[in-house]
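J.: Predicted model, plus sequence, below.
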Amino acid sequence: MTMRRPLFWLILITAGVFAYLPLRGNNISLREDLILVAVAIILASNLNLMIGYTGYVNFGHIVFYGLGGYVGLYLATVRNWNLVVAALAAGLAVSLFAFLLGLAILRLRGAYFALATIGVLVAVQAFVSNFDPWGRSTGLYVEFTSYESLGGPVRALWITYFLVIGLMALSMILSLSIKISKFGLGLFAIREDEDAALVLGVNTTMYKSIVFSVSAFLPAVAGALMFFKNGMIDPSIAFEFMLSLEGIVMLMLGGQGTVVGAALGPGLYERLRAYLLTSPKLSNFHLVIAGGLLLLVVLFAPGGLIGWLYRLVPRSSEVME
Amino acid sequence: MSGILASMIDGLLVGSVYGLAAMGLSLIWGVMDVINLTHGSMIALGMFGLYELFIHIHTNAYFLLIPVIAGGFVLGIVVYWISVHWVVGRSQLMSLLSTFAVNMMVIGIGTAIWSTSPYNVNFSLEGISVGKYTFTGNHIAAATSAVVIALALELFLYRTRPGKAIRAIADNREAAELMGISSVAVLTIAFGIGIALAISSGALVSTLFPFTILSGATYQMKSFVVTVLAGLGKPFGALVAGVLLGLLEGAVTPFIAVSWIPLIEFGLFVVVLIAFPKGIFVRASA
C-alpha cells in the first residue's frame, strides 16, 4: 500500500542521490555535511510522529538519540558486539524504555506532558552523569581497534554514512506508512480531540505509548551509529538540549504533520545553520535567529513551508503527504 | 541530627525563593492558560540584571531589587506583546512554542553578552550563628524579601481593583468581559507581574549562588515542580510548596550528591501530577 504512493519512490530516489553524491570524487566534506542533514531528518521525522501526528510536544526527544548512543557504544566497545547488532539492540532497548516511560508520563495530557519531557531530559542527563558503567561525566571512548572489524577507520566511516542514509529513508517511509494506516488515523483523532477519540473506541493510552516508543527507535539507532562514528560520547554532547530544540524548529519550519515537511525543514535549516556558524558576525547569534524563525513560523505560518505550499497549489497535497 | 536540621532550615530559606519563582509561572498559567517557557531565561535575566546594577552602584544588593522588579514588569509587557498576545486562546502547542522561541532568543543574546561562564554577586550580610552552624545573612535576607514580595502580591490580588480584575479573568474570562473588564489590559498586567516575579527570584538567587546565563533552566524545572505541587493558579500556595521543596532538598542533600537532585525532582513532578492532578492542597476527589 505504501509502495503505491509516489512519495515512496521519491524518498528512495532522494536517499539514492544522498548516497551517490559524496561517492563521486570521494568528497569527504560533502559526506560530513550530508550526514548531519540525514541525522536532522531522522530526528525531525520521528519527532513529527509525536508533535505533528499526535499533538504532543516532546521537548526531550534528543534523550532517545543520546541514550541510543550510550547503549550502542557500550555494547560495541565494552562488550565488543558487531556495530549493526549493537545499534539495533540500542534501538530496541531505548524503544522499550520509551514505552515504559510513556505508560507513566503519557497519562499526562497536552502541556503537562510537554513539561514532563523537559524533566525527562534533565533527569536522564543527571542519571547518566552519575552512572559508573557509562563513565559518569567523562563518558565513553571508542578504541581505535574497534574500527578494525569494519575494515579500518576509513571504511568504517563510509559504512556508517550509508547506514545513516538508510535510516533517513526508513524514517520517512515509516512516517508515510503510519500516516496512511489506521493507526495513523487513530493518532490524528487523538490530536484533534482526545476525549472524542476515546469515546469512538481508540485505545488512546496504548496508541500514545506505542507511537512514543516507535518515535524512539530510529533516533536511538542513529545515535548509536553517529557516536560510534565520532568515537566518543559524554553526557553534555549526548543530551544537548539545543539539538532537541533545533529539532522542533526544523519540524515547524518544514511543516508539522507532513512527511515532506519533516524532511524539508531540516534540509533548509542545516544549510542556514552552516552559513550562520561560519559567518563571523552571526555565529554568536545562531540561537537568536533560530528562535526568531520559530516565532515567525508559529505566529504567521503555523503550517510551515508545506502548509504554505498547500495554500498556493492545493493539488500538491496529493503528492507531498 | 542537628546537621540535618540546619540543612533543612537552609533549604527552607532557599525554598522560599523557589516559591517566588513559581508564583510567577503559576500566575500566568492560571490567568491565561499559557505555560510560560520564557520563565527560565527571565530568571537568568534577573540574575544578570542585579549583577550589572550591583557592579555599577555599590549599595545593599537587596535595595537594588526594586529597580530590577520594575524592569521585569516592563520587560514582561514587551514579551507579552511580542509572543503571547497572539496565541492566547489558541492551542497550547502554539503558546508553548512561541514562548519557547523567545526563550531561545533571550538565551542566545545573553550568551553573546555574558558567555556561559559563571558569575557571582560579591555581596554578603552578616549571618546568625547557632552553635556550630551559621545561617548566612544573604539566605535570611533573600527569604525575607521573597516573603515580602509574595505578601505584596497577595494583597494586590485580593485588595485592589486591578488585582480583583485579574482574578475575575482567571475565573471566567467571558463573564469578566461582560462585566466591563478589559481582558487585554488585564492579561498584559498579569504577564508583566508574572515576569517581574520570575526576575525578582532570579535576582535573589544571584545573591546566594554563582550563576551562568543557563542557570535559569534549573530553577525553571523547580518552578514546574512547585507549581504542580501547589496546583494551578494558586500563587500563594506556590510559595508554600516552594518552601516544601526547599525543605525536601535540605533534608536529602546531606545524604546524596547534589547532581542527583534533578532526578528526584522529576520523579516528584510525575508522581504528583498523576496522583494529585489538582495539587497537594486539594483532596483528589474534590
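T.: Sure, I can see it.

J.: Please count neighbours and contacts with C-alpha atoms only from this point.
T.: Will do.

J.: Give the buried residues for the one helix or strand residue A:91 maps to.
T.: Taking DSSP states H and E as the criterion, residue A:91 maps to helix A:83-105. Judged by neighbour count using 16 or more other Cα atoms under 10 Å in any protein chain shown, the buried positions of helix A:83-105 are A:83-84, A:86-96, A:98-100, A:102-103, A:105.

J.: Chain B next: which of these are close?
T.: residue A:105 (Cα under 8 Å from any Cα of the partner chain).

J.: circling back to that earlier point, what distance separates the next helix or strand after the helix holding residue A:91 from the centre of its chain?
T.: Next helix or strand after helix A:83-105 toward the C-terminus (DSSP H and E): helix A:110-129. Between the centre of helix A:110-129 and the centre of its chain there are 17 Å (Cα atoms, centre = their mean, to the nearest Å).

J.: show me what contacts the closest residue to residue A:142 other than its chain neighbours?
T.: The shortest distance from residue A:142 to any non-neighbouring residue, by Cα to Cα, 6 or more residues apart in numbering or on different chains, is to residue A:231 (4.8 Å). Going by Cα atoms under 8 Å, 6 or more residues apart in numbering or on different chains, residue A:231 touches A:141, A:142, A:143.

J.: if we go to 10 Å?
T.: By Cα atoms under 10 Å, 6 or more residues apart in numbering or on different chains, the residues touching residue A:231 are A:73, A:140, A:141, A:142, A:143, A:144, A:146, A:147, A:225.

J.: do residue B:96 as well
T.: A:57, A:111, A:114, A:115, A:298, B:34, B:35, B:36, B:37, B:38, B:84, B:87 are the contacts of residue B:96 under Cα under 10 Å, 6+ apart.

J.: Filter those down to just the ones in helices.
T.: A:111, A:114, A:115, A:298 (DSSP state H).

J.: on that earlier part again, confidence-wise, which of the contacts of residue B:96 comes last?
T.: The member of the contacts of residue B:96 with the lowest pLDDT is residue A:111, at 75.

J.: I figured that one hits residue B:93, correct?
T.: Yes. Contact criterion Cα atoms under 10 Å: residue A:111 and residue B:93 qualify, at 7.4 Å.

J.: list residues touching both of these two?
T.: With Cα under 10 Å, 6+ apart as the test, residue A:111 and residue B:93 both reach A:56, A:57, B:34, B:35.

J.: Output those residues in TSV, with distance to residue B:222 and neighbour count appended to each entry.
T.: Output for those, formatted as TSV (distance: Cα to Cα, whole Å; neighbours: other Cα atoms under 10 Å in any protein chain shown):
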residue	distance to residue B:222	neighbour count
A:56	22	25
A:57	20	24
B:34	18	26
B:35	14	25
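
J.: Determine which two of those residues are furthest apart.
T.: The distance between the two most remote of the shared contacts of residue A:111 and residue B:93 (Cα to Cα) is 15.6 Å, for A:56 and B:34.

J.: show me where pLDDT drops low in the chain?
T.: By default, I'm working from chain A. Chain A contains residues with pLDDT under 70 at A:1, A:280-283, A:318-320.

J.: my bad, chain B
T.: Ranges of chain B meeting pLDDT under 70: B:1, B:233, B:277-286.

J.: Show me the helices in it, by range?
T.: With DSSP H as the criterion, chain B has helices at B:2-32, B:39-56, B:65-79, B:92-114, B:137-159, B:161-171, B:173-178, B:183-206, B:216-230, B:235-252, B:261-275.

J.: Tabulate the ones you listed in CSV, adding columns for distance to residue A:220.
T.: Formatted as CSV, those follow (distance: least, Cα to Cα, whole Å):
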stretch, distance to residue A:220
helix B:2-32, 34
helix B:39-56, 28
helix B:65-79, 37
helix B:92-114, 25
helix B:137-159, 44
helix B:161-171, 42
helix B:173-178, 45
helix B:183-206, 36
helix B:216-230, 25
helix B:235-252, 33
helix B:261-275, 22
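
J.: Which of those sits closest to residue A:189?
T.: Closest to residue A:189 of these, according to Cα to Cα: helix B:92-114, at 16.1 Å.

J.: buried ones in that closest one?
T.: Buried, per 16+ other Cα under 10 Å, within helix B:92-114: B:92-112.

J.: ok, for residue B:206, nearest residue in space, not its chain neighbours?
T.: residue B:47 (5.0 Å).

J.: surely the one you found meets residue B:68?
T.: Yes. Residue B:47 is within contact range of residue B:68, at 9.4 Å (criterion: Cα under 10 Å).

J.: Spit out the residues that contact those two alike.
T.: B:199, B:200, B:202, B:203.

J.: With respect to residue B:212, which of those residues is nearest?
T.: Of the shared contacts of residue B:47 and residue B:68, the one sitting nearest to residue B:212 (Cα to Cα) turns out to be residue B:202, at 11.2 Å.

J.: show me the contacts for that closest one.
T.: B:17-18, B:20-21, B:40-50, B:68, B:196, B:211, B:215-216, B:219.

J.: 8 Å - rerun?
T.: B:21, B:42, B:43, B:44, B:45, B:46, B:47, B:216.

J.: Quick check: nearest residue in space to whatever residue of the stretch 1-150 of chain A ends up closest to chain B, chain neighbours excluded?
T.: In the stretch 1-150 of chain A, the residue that lies nearest chain B is residue A:123 (4.3 Å; Cα to the nearest Cα). Of all residues not flanking residue A:123 in the chain, residue B:263 sits nearest, at 4.3 Å (Cα to Cα, 6+ apart).

J.: Could you double-check that the one you found lies in contact with residue A:124?
T.: Yes. Using Cα atoms under 8 Å, residue B:263 is in contact with residue A:124, at 7.4 Å.
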